[in-house]
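Enquirer: The following comprises the amino acid sequence and a computationally predicted model.
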Amino acid sequence: MRVTRRRFLVSVSAATASAGLISRLPAWAQEVGGGTFTALRGDIGIFDAPRSGGTIGWFIGKDAVLVVDSKGPEFARACIDGIGERTERKIDTLINTHHHGDHTGGNPVFRKVVGRIVGHENVPELQRKAAEQRGNTDGQEYPDVTYSKEWSMDLGGETVSLRHLGPAHTGGDSIVHFENANIVHMGDLIFNRWCPFIDRDGGASVKGWIETLNRTIEAHDDETVFIFGHGAETFGVTGSNTDLSVQRGYLEWIWEITEKGIAAGKTAEQIAAPGLPEAFSDHVELNERLGVLGNVKVAFAEQTED
Ligand SMILES: [Zn+2]
């Protein structure tokens, strides 16, 4: 059902973009500035565009408006405009699930309109370090409200809570839980059927990521709707516990083949050479870094250097 609806949404968006038939879009979908607003449950939904990455989550309630992740500046502007069409309230809070540019690049645009930006306590330093390496420290806005393990906020009829369960995709990941609606924004803790980016320079840990997914799967149920930072087109950027289990299985597989390969005296290249097994043949390999070899290299370093 989810896949069907997603495909329909994408094809409808493409058709309306060329024909200008915005009013024909179903109530749960509206295209704004190249992105699409999609309602999920309660007052919560996503703002996303095909192949753009860094899915924005939104809560638009009568007592509070909150956004999760800021994509890049153009999408941030379109997202703010779209929210402005839905409510008179200003956006109270922006949450950054982690420091990467496709989740914080729109922060300077949001900074002009939001009361505060919230992120894990490691985010500002990781963001600054990554910006220095790219030479664009001028284009950054950092979280001004940070936390260590847990942070929550009453949204009026809804509670949003952030949890950091240790190093995983980066050293500063937050899991964002809308408790009443039973919706969880995972940031980049899920690359839905992609070989993920494991940012070792940014504090990532394969072992920690597996543990984070174990704990998250345990903490939620079959009714929970999860939002993902990235997803293969046919699987989309929302899903269920099953999708979390698939990614946990992939990371466990990477960890195990690396462990066995090291014991057999193999290099990372030799370990990765057979490529994806049948069980993960639906996974997208975007490039070397976001592929089996890049993932094995990180697990190799983690098992031999730490
Ligand atoms: Zn990321």
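Expert: Nice, I can see it.

Enquirer: what's the nearest residue to Lys62 if we skip its chain neighbours?
Expert: Spatial nearest neighbour of Lys62, excluding adjacent residues (CB to CB, 6 or more residues apart in numbering): Gly156 at 6.8 Å. Using the backbone N, CA and C atoms, a C-beta is placed for each residue, glycine as well.

Enquirer: ok so the one you found is a strand residue?
Expert: No: with DSSP: H, G, I helix; E, B strand; the rest coil as the criterion, Gly156 is coil rather than part of a strand.

Enquirer: hey, where'd the strands end up in the stretch 51-200 of the chain?
Expert: 56-60, 65-68, 93-95, 116-120, 145-147, 150-154, 159-163, 175-178, 183-185, 191-192 (DSSP state E, counting those that start in this stretch).

Enquirer: OK, now which residue of the stretch 101-250 of the chain is nearest to the ion?
Expert: Asp188 (3.4 Å; CB to the ion).

Enquirer: I figured that residue hits Pro196, correct?
Expert: Yes: applying CB atoms under 8 Å, one finds Asp188 in contact with Pro196, separated by 7.3 Å.

Enquirer: How much space separates the residue of the stretch 101-250 of the chain closest to the ion from Gly53?
Expert: 9 Å (CB to CB, to the nearest Å).

Enquirer: Neighbour count: those two, which is higher?
Expert: Asp188 (27 against 19; other CB atoms under 10 Å).

Enquirer: Identify the residue nearest that one in space, chain neighbours excluded?
Expert: Gly229 is the one closest to Asp188 (CB to CB, 6+ apart), at 3.9 Å.

Enquirer: Right, and the ion sits closest to which residue of the stretch 1-150 of the chain?
Expert: For the stretch 1-150 of the chain, CB to the ion, closest residue to the ion: His100, 3.5 Å.

Enquirer: Spell out which parts of the protein neighbour the ion.
Expert: Neighbours of the ion within the chain, by CB under 5 Å from the ion: His100, Asp188.

Enquirer: Which strand runs longest in the chain?
Expert: Ordering each strand of the chain by length in residues (DSSP state E) puts strand 35-41 first.

Enquirer: just to revisit the earlier point, if I look at Asp188 and Pro196, which residues touch both of them?
Expert: His169 (CB atoms under 8 Å, 6 or more residues apart in numbering).

Enquirer: now the helices: where do they sit in the stretch 101-250 of the chain?
Expert: Assigned by DSSP state H, counting those that start in this stretch, the helices in the stretch 101-250 of the chain fall at 101-104, 107-111, 123-134, 206-219, 241-263.

Enquirer: mind listing what Arg41 touches?
Expert: Counted by CB under 8 Å, 6+ apart, Arg41 has contacts Ala181, Asn182, Ile183, Val225.

Enquirer: remind me which residues of the stretch 51-200 of the chain are low pLDDT?
Expert: Under the criterion pLDDT under 70, no range of the stretch 51-200 of the chain is flagged.

Enquirer: cutoff 80 now
Expert: Low-confidence segments of the stretch 51-200 of the chain, defined by pLDDT under 80: 51.

Enquirer: circling back to that earlier point, now mean neighbour count too, for the strands of the stretch 51-200 of the chain, in JSON lines please.
Expert: Shown next, in JSON lines, are the strands of the stretch 51-200 of the chain (neighbours: other CB atoms under 10 Å):
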{"stretch": "strand 56-60", "mean neighbour count": "25"}
{"stretch": "strand 65-68", "mean neighbour count": "25"}
{"stretch": "strand 93-95", "mean neighbour count": "25"}
{"stretch": "strand 116-120", "mean neighbour count": "23"}
{"stretch": "strand 145-147", "mean neighbour count": "16"}
{"stretch": "strand 150-154", "mean neighbour count": "14"}
{"stretch": "strand 159-163", "mean neighbour count": "19"}
{"stretch": "strand 175-178", "mean neighbour count": "23"}
{"stretch": "strand 183-185", "mean neighbour count": "27"}
{"stretch": "strand 191-192", "mean neighbour count": "25"}
